[in-house]
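**Q** Below is the structure, and that's it, no one-letter string:
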């Protein structure tokens, strides 16, 4: 795609969209094109047009005059949450085609060439394709994603007929017309006599932006028109047959295990995976689903990472889309936020208020009333949930909010906003008395490819020495020789201690227990940074601590300290989880979120419901990938944890605002009154 040497190839455009849409320009630039206006003159120059759009003939005419090749650009097959016409986000990837365009069967396109000539026999790529298909299905991801996977679809046993928007280019250039849709409906009825026919409308038609070929007037007898925004993957599960002209849902039907009846000539037809009413004669090769997916999703598109502003792999694009779609689905109804501290509100608004701005309330009754009146859910900070809320909030969804396990570069007690938050509709991770969403995720196991992704995440966390708070640290001091046990101090009034501790619920008692059971060990005590800063309770006088510990280490990096010891003993500290990431044995006197799964030595009774025995990677997928939500501090976008790892590792975290810094200083005057700011 590049011109002479390393110089970008000049791409002359004659459509305003290339100039006014920053995302499209950026992807093309990263792909090796230099967007220009004017007349091409060089031998390596080319002309950019958008597919077969109404503006494409302008560039095609210039191509004819100047004998300059045309590059056709289209959205890739995972685009955004909403369609572009519905105010959707810019595309996540592009099909950049120097041969044709994927939906125009008149001439071969780049994707068709891959399907026809590429060996498509690389085991690694095909494994990625299989995982990719399964992952899209598990996460309910499609080209457009403004649908609700929880919405019910018709009872199984129907024939699915897929509508498209009128005059769509894939119809006109795919050997079909409006009459083809009427013909398709007749075929569906004749080939399935007596069966229910469900016609699925296009998202643009649902939103009122473009007309389709079918409408409510076609509902009669066994035929119904489905306009509800249901998941295509759920819809495929109940279908006994799928009929399409050229819709991308036909491609997804193949991924879902169907052999759809195809009446046009889309890119996915003609490879032995469809029943073709109008076959393309030159397509003679027979492919597997994995091969088709590999070409269409891994090899042909150019994917973009909007947070790190770079081209990326298919999997990284899915990571990003999954994060954005999750935020959309969880927040589209809006929330009323109950009992949130003032300093947290701006950050909560950015995280949970992208679809509908949060409404803040202090009174539980008013919060519930407003949520019911406006059809919203409730957000409540987990440690501040009123006892009365359960009775008040009948029929109102409640999500408990708390910091995630990869939080920030700085302390929450110093009012540094978190980079990750959890929003749990069942319980909260630090309360073993009731089930949490994290427990459900651990029990369910990771999606295909999830363990490999988690293993890579673990490796990067270890490589960069990252932990929950990532404070500037001193070097680890010389430690006494012997069997070293690290004992992390905790905040003694922390909810994880109040709800998850056993007999030992103070730092002094923890140290005494460790020494009693390990009389010959080198016990290393690291006070909690919030306690060291004088912001929270839990200080142990030095003389008392040294009755049990050999040494007190204050300012060293937790990650570096973990590497220097042989094992960790804790009540419920997150540092125990960080020790597991680094392969260290961990003994728990309480019941933190990471105990009870066979990964730790537990001296506290395990809840009977924690029956799963996940690998460390499977557990990490649940705890660091699936459970929390992350927001990129640079772009403000929902993002996957890998982006946060990069931001922390490269210190790409914006400085605290002036107001927060002043409030943080004031907080020092009220260190013993933590209820004021916690």
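**A** Received it, and whenever you're ready, just let me know what you need. Computed from a predicted structure; not experimentally measured. Numbering: from 1, shown residues only.
**Q** which residues in the stretch 251-400 of the chain form strands?
**A** For the stretch 251-400 of the chain, the strands defined by DSSP state E, counting those that start in this stretch occupy 261-262, 275-276, 302-305, 310-312, 335-338, 359-361, 377-381, 398-403.
**Q** tell me the mean pLDDT for the longest one?
**A** Right, strand 398-403. Per-region confidence: strand 398-403 scores 95 on mean pLDDT.
**Q** which helices and strands sit right next to that strand?
**A** Using 3 or more CB pairs under 8 Å, 6 or more residues apart in numbering; DSSP states H and E as the contact criterion, the elements in contact with strand 398-403 are strand 377-381, strand 420-424. Every residue, glycine included, has its C-beta placed from N, CA and C.
**Q** Not counting its neighbours along the chain, what's nearest the residue at minimal distance from the centre of the chain?
**A** Within the chain, one residue has its C-alpha closest to the average C-alpha position: by CA atoms, centre = their mean, that is residue 323, at 2.4 Å. Leaving aside its sequence neighbours, residue 323 sits nearest to residue 638 (CB to CB, 6 or more residues apart in numbering; 4.4 Å).
**Q** and that neighbour, bridged to which residues?
**A** For residue 638, the beta-bridge partners are residue 631 (DSSP bridges).
**Q** where does this structure dip in pLDDT?
**A** 1-5, 86-88, 411-414, 655-678 (pLDDT under 70).
**Q** Residue 46 touches residue 8, doesn't it?
**A** No - the pair residue 46 and residue 8 does not pass the contact test of CB atoms under 8 Å, sitting 11.1 Å apart.
**Q** neighbour-wise, which of these two wins?
**A** Shown here are residue 46 and residue 8; by other CB atoms under 10 Å, residue 46 has more neighbours (20 against 17).
**Q** follow-up on the earlier one: mind giving me CSV with the strands of the stretch 251-400 of the chain and columns for distance to residue 169?
**A** Compiled in CSV, these are given as follows (distance: least, CB to CB, whole Å):
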stretch, distance to residue 169
strand 261-262, 17
strand 275-276, 20
strand 302-305, 20
strand 310-312, 26
strand 335-338, 40
strand 359-361, 43
strand 377-381, 40
strand 398-403, 42
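**Q** now these in a markdown table, with distance to residue 570 and mean neighbour count?
**A** Formatted as a markdown table, the strands of the stretch 251-400 of the chain follow (distance: least, CB to CB, whole Å; neighbours: other CB atoms under 10 Å):
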| stretch | distance to residue 570 | mean neighbour count |
| --- | --- | --- |
| strand 261-262 | 59 | 26 |
| strand 275-276 | 60 | 18 |
| strand 302-305 | 36 | 22 |
| strand 310-312 | 37 | 16 |
| strand 335-338 | 31 | 26 |
| strand 359-361 | 35 | 18 |
| strand 377-381 | 24 | 23 |
| strand 398-403 | 18 | 22 |
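**Q** So which of these is nearest residue 536?
**A** With CB to CB, the closest approach to residue 536 among those belongs to strand 398-403: 13.9 Å.
**Q** Just give the strands next to the closest one in its sheet, each with its orientation.
**A** In the sheet containing strand 398-403, the strands it pairs with under DSSP bridges are strand 377-381 (parallel), strand 420-424 (antiparallel).
**Q** Need the contact partners of stretch 356-371.
**A** The list of residues contacting stretch 356-371 from outside it, by CB atoms under 8 Å, 6 or more residues apart in numbering, reads 331-340, 345, 348-349, 352, 374, 376-379, 386, 388-389, 392-393, 396.
**Q** Now which of those residues would you call buried?
**A** 331, 334-340, 348, 352, 376-379, 386, 389, 392-393, 396 (16 or more other CB atoms under 10 Å).
**Q** Just the endpoints, please. Distance across stretch 420-440?
**A** Using CA to CA, to the nearest Å, one end of stretch 420-440 lies 19 Å from the other.
**Q** buried stuff in it?
**A** Using 16+ other CB under 10 Å as the burial criterion, the residues of stretch 420-440 that qualify are 420-424, 427-432, 435-440.
**Q** what comes into contact with it?
**A** Contacts made with stretch 420-440 from outside it, assessed by CB under 8 Å, 6+ apart, are listed as 330, 348, 351-352, 379, 382, 397-407, 495-496, 499-500, 572, 591-593, 596, 607, 609-610, 622-623, 627-631, 641, 644.
**Q** Which members of these are positioned in helices?
**A** If you go by DSSP state H, the contacts of stretch 420-440 have 330, 348, 351, 352, 495, 496, 499, 500, 641, 644 in helices.
**Q** is it true that the second one touches residue 338?
**A** To tie it back to what came earlier, the one meant is residue 348. No - using CB under 8 Å, residue 348 is not in contact with residue 338, being 11.2 Å away.
**Q** For PyMOL, write the select line for the buried members of the contacts of stretch 420-440.
**A** The following PyMOL selection, which keeps only the buried ones among those, applies the criterion 16+ other CB under 10 Å:
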select buried, resi 330+348+351+352+379+382+398+399+400+401+402+403+404+405+406+407+495+496+499+500+572+591+592+593+596+610+622+623+627+628+629+630+631+641+644
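**Q** if we can go back for a sec, could you dump the helices and strands packed on strand 398-403 into TSV with distance to residue 447 added?
**A** Written out in TSV, the entries for those read as follows (distance: least, CB to CB, whole Å):
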stretch	distance to residue 447
strand 377-381	25
strand 420-424	19
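**Q** Figure out which of the ones you listed is closest to residue 478.
**A** Across those, residue 478 has its closest neighbour in strand 420-424 (34.5 Å, CB to CB).
**Q** can you give me the end-to-end distance of stretch 401-418?
**A** Across stretch 401-418, the terminal residues are separated by 12 Å (CA to CA).
**Q** any idea how far residue 280 is from residue 178?
**A** 21 Å (CB to CB, to the nearest Å).
**Q** Give me the phi and psi angles of residue 125.
**A** As for residue 125, its main-chain torsions (degrees, to the nearest 10) stand at phi -70, psi -40.
**Q** Quick one: residues contacting it.
**A** Applying CB under 8 Å, 6+ apart, we find residue 125 in contact with 294, 298, 299.
**Q** ranking the residues you listed by neighbours, who comes first?
**A** When the contacts of residue 125 are compared by neighbour count (other CB under 10 Å), residue 294 ends up highest, at 28 neighbours.
**Q** With residue 53 as the reference, measure out to residue 309.
**A** To residue 53, residue 309 is 26 Å away according to CB to CB.
**Q** likewise residue 178?
**A** Using CB to CB, which is the criterion applied here, residue 178 is 19 Å from residue 53.
**Q** Show me which of those two is the more surrounded one.
**A** For residue 178 versus residue 53, neighbours defined as other CB under 10 Å are more numerous around residue 53 (17 against 12).
**Q** three-state assignment of that one?
**A** Assigned with DSSP: H, G, I helix; E, B strand; the rest coil, residue 53 falls in the coil class.
**Q** Out of the strands of the stretch 251-400 of the chain, which is closest to residue 79?
**A** Residue 79 sits nearest to strand 302-305 of all the strands of the stretch 251-400 of the chain, at 11.3 Å, using CB to CB.
**Q** Relative to the closest one, what are the paired strands and their orientations?
**A** Every partner of strand 302-305, by DSSP bridges, with its direction: strand 93-97 (antiparallel), strand 310-312 (antiparallel).
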